[in-house]
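# Sharing a sequence plus its predicted fold:
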Amino acid sequence: MKILILMAMIGLSAVAKSQGEEAQAVMQPIAKLFTGMNLGDSAMVHSAFAQSITMATIMQDKSGKQILRRESSLAGFLKAVGTPHTEPWSEPIWDTKIEVDGTFAQVWTQYAFYSGKKFSHCGVDAFHLVKEEAGWKIFHLADTRHTTDCKVPSVISDQFK
């Protein structure tokens with residue numbers, strides 16, 4: 001588990017370094033979010049977010065109908081992260097694009113979600129961040145979720161074999 005966290009941090013750092021110092025700072029709360037999820041540390045996850053947030057997930061139900069699920073609170077997500085689960089959650093990312101305009105940033109990245117070694121789903125994470133006095137904070141997170149047609153790079157999927 002610690003190896004996966006380290007590899008994720010190295011991957012996030014490499015992406016951000018290639019895009020500059022400010023991009024590194026933008027990626028810090030995202031790295032904190034994923035590390036906190038992996039450790040089941042809801043306080044760490046909470047610290048990555050601004051005080052007021054929105055979240056959205058776009059996915060299909062079992063019949064194939066598109067669903068847009070919105071949240072205006074972190075409470076449910078934090079409870080899920082902090083509730084003990086038998087396997088660590090891992091969300092490796094790739095093909096990350098970072099854009100910054102002053103105190104606003106957005107990050108668009110492909111991801112795969114694993115519970116322990118078991119693949120769950122893939123998609124895109126889209127983060128909106130604001131630069132506060134304490135640093136960058138996530139104020140909006142939207143994601144898509146797919147269980148088929150996932151093109152997870154082998155360098156990632158091989159970690160979960």
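Perfect, thanks for sending it.
# ok, D143 - how many residues close by?
A count of neighbours around D143, defined by other CB atoms under 10 Å, yields 19. For glycine as for every other residue, the C-beta is placed from the backbone atoms N, C-alpha and C.
# Roughly how far does the residue nearest to the spatial centre of the chain sit from Q66?
Nearest residue to the geometric centre of the chain (CA atoms, centre = their mean): F34, 5.6 Å. When distance is defined by CB to CB, to the nearest Å, F34 is 26 Å away from Q66.
# same question, V124
Using CB to CB, one gets 15 Å for the distance from V124 to Q66.
# Those two: who's more crowded?
V124 (16 against 8).
# need the contact list for the more buried one.
Residues near V124 by CB atoms under 8 Å, 6 or more residues apart in numbering: W108, T109, Q110, Y111, D143, T144.
# Helix or strand: which one has the residue sitting furthest away from the middle of the chain?
Farthest-out residue of the chain from its mean C-alpha position, per CA atoms, centre = their mean: S63, at 26.7 Å. Following DSSP states H and E, there is no helix or strand that holds S63.
# can you pull the pLDDT of it?
pLDDT recorded at S63 is 92.
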